[in-house]
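Colleague: got a sequence here, can you build the structure:
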Amino acid sequence: MKKKRETMTVAALMDQLADESTAISVARLYTLSNLEKSDWARFEAAWPRLPDDRRRAVMRHLVDIAETNFEANFGPVFRLGLTDLDAAVREAAIDGLWDDEDPKLIKPLLAMLQRDSAPSVRAMAANVLGHYIYLDAIDEIPHAQIEPLNLALRAVIDAPDEPLEVRRRAVEALSFSSADDVPDIIRRAYASPEEEMRISAVFAMGSSADDRWIETVVSELDSPSPAMRYEAAHAAGELEARSAVPALTRMLEDPDREAQEMAIWALGQVGGERAQMLLTDLTESDDAALAEAALDALEEMSLMHAGDREMPLFVFDPYADEDDE
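Modeller: Numbers count the residues shown, from 1 in each chain. Prediction:
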């Protein structure tokens, strides 16, 4: 659900944010979307003077808004946050730029990956830079622009003193590349004694769009680790692995809610008559959230597999019976 907009002057907003006794109004943060030049100057001057915890909270709120409201534009605010003195603010600012396709961001994000003092910031930089590896893979940006990034990600993966969180995010980022050495990088990550790295390897298997990993991904759907089952379900969906349907069916009863919901999403990606039947049955669940997830998956299935002759597709109407009454 979108937050209701409640704009005010930038000066008034910044005064309110500076007052730590006043709760932050998320609705009023829409004031920072698409700022005019004069308003930007006021914001830029006032922002560094806000207490650290207020800057962290504001930046996090802006990221949340941007994820659910595509009309909101906080890009300049996120870019300013890249140079913030507080690591949590920098991390949130990078997160806010996850879908920005401006190649000019590669250089500052690459610098943060290589030199930021906070491992959490370097990990987030690696995560977001994966988006540019993907854009290169689909020929949306010139390959030359990501060559330094390719080299940097490989250096991070091979650095023994680099924290695990940074290395695993680098593996995930590089998995979007079609370079010849990527399968070996994924294979080595999957052989790691660290479970978190193996989970990242399974993520990488899915994002690589390489069918060679299907058998491994399917085997991990029965992992004792909820985090691994979640990531394996996501990878199975990305690979549209029909052989995953039996295990995904079992996951519809998974005790871990996130893994359960990811299995629903994956069935929508995989498609086929069995998946369609399971999802259709699930739309009648007493659990409203699961029913809605199943409906979303069916709608996605109808878009992705419209050309499949083996499966009659439709857009499910939960109110069809009511219309007949």
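
Colleague: which residues touch the closest residue to Leu35 other than its chain neighbours?
Modeller: Leaving out its chain neighbours, the residue that sits closest to Leu35 by C-beta to C-beta, 6 or more residues apart in numbering is Phe43, at 6.2 Å. Quick note: C-beta positions are derived from backbone N, CA and C, even for glycine. With contact taken as C-beta atoms under 8 Å, 6 or more residues apart in numbering, Phe43 is in contact with Val10, Met14, Leu32, Leu35, Val77.

Colleague: what about Phe43, helix or strand, and which?
Modeller: Using DSSP states H and E, Phe43 maps to helix 37-46.

Colleague: pull the CA atoms of that helix into PDB?
Modeller: Provided in PDB are the C-alpha atoms of helix 37-46 (Å, rounded to 0.1, in the frame of the first residue of the first chain):
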ATOM      1  CA  LYS A  37      17.100  23.500  -7.300                       C
ATOM      2  CA  SER A  38      16.500  26.100  -4.600                       C
ATOM      3  CA  ASP A  39      15.000  23.400  -2.300                       C
ATOM      4  CA  TRP A  40      17.900  21.100  -3.000                       C
ATOM      5  CA  ALA A  41      20.300  23.800  -1.700                       C
ATOM      6  CA  ARG A  42      18.400  24.100   1.500                       C
ATOM      7  CA  PHE A  43      18.300  20.300   2.000                       C
ATOM      8  CA  GLU A  44      22.000  19.900   1.200                       C
ATOM      9  CA  ALA A  45      23.000  22.500   3.700                       C
ATOM     10  CA  ALA A  46      20.800  21.200   6.500                       C
END
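
Colleague: and this protein, what are its domains?
Modeller: 1-100, 101-207, 210-325 (automatic domain parsing).

Colleague: re the thing from before, where's the helix holding Phe43 relative to the chain centroid, distance-wise?
Modeller: Between the centre of helix 37-46 and the centre of its chain there are 30 Å (C-alpha atoms, centre = their mean, to the nearest Å).

Colleague: any buried residues in it, and which?
Modeller: By neighbour count with 16 or more other C-beta atoms under 10 Å, helix 37-46 contains the buried residues Asp39, Arg42, Phe43, Ala46.

Colleague: pick the one among those closest to Ser219.
Modeller: Relative to Ser219, the closest of the buried residues of helix 37-46 is Phe43; by C-beta to C-beta it sits at 51.3 Å.

Colleague: hmm, back to that, possible to save the buried residues of helix 37-46 as a markdown table with pLDDT?
Modeller: Below are the buried residues of helix 37-46 laid out as a markdown table (pLDDT from 0 to 100):
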| residue | pLDDT |
| --- | --- |
| Asp39 | 95 |
| Arg42 | 95 |
| Phe43 | 97 |
| Ala46 | 97 |
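
Colleague: nearest residue to the residue nearest the centre of the chain in space, please, no chain neighbours.
Modeller: Centroid-nearest residue in the chain: Trp98, 7.8 Å away (criterion: C-alpha atoms, centre = their mean). Using C-beta to C-beta, 6+ apart and skipping residues adjacent in sequence, the residue nearest Trp98 is Val128, 5.0 Å away.

Colleague: give the buried residues for the host helix or strand of that neighbour.
Modeller: Assigned by DSSP H and E, Val128 falls within helix 119-137. By neighbour count on 16+ other C-beta under 10 Å, the buried set for helix 119-137 is 120-137.

Colleague: one more: stretch 61-68?
Modeller: His61, Leu62, Val63, Asp64, Ile65, Ala66.

Colleague: give me the subset of the contacts of Phe43 lying in helices.
Modeller: Counting by DSSP state H, the part of those found in helices is Val10, Met14, Val77.

Colleague: make a PyMOL selection of the buried ones in those.
Modeller: This is the PyMOL syntax for the buried subset of those, where burial follows 16+ other C-beta under 10 Å:
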select buried, resi 10+14+77
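
Colleague: from Thr22, how far off is the residue nearest to Leu35?
Modeller: 18 Å (C-beta to C-beta, to the nearest Å).

Colleague: so where's this protein shaky on pLDDT?
Modeller: With pLDDT under 70 as the threshold, the chain has low-confidence stretches at 1-7, 306-325.

Colleague: what about the residue nearest to Thr9 when sequence neighbours are not counted, neighbour count?
Modeller: In this structure, Thr9 finds its nearest non-sequential neighbour in Thr31, 7.5 Å apart by C-beta to C-beta, 6+ apart. Neighbour count for Thr31, taken as other C-beta atoms under 10 Å: 20.

Colleague: wait, Thr31 sits on Met14?
Modeller: No - judged on C-beta atoms under 8 Å, Thr31 makes no contact with Met14 at a distance of 9.4 Å.

Colleague: between these two, which contacts overlap?
Modeller: Joint contacts of Thr31 and Met14 (C-beta under 8 Å, 6+ apart) do not exist.

Colleague: what residues of stretch 271-289 count as buried?
Modeller: Residues Gly271, Gly272, Arg274, Ala275, Gln276, Leu278, Leu279, Leu282, Thr283 are the ones in stretch 271-289 that count as buried (16+ other C-beta under 10 Å).

Colleague: many thanks, have a good one.
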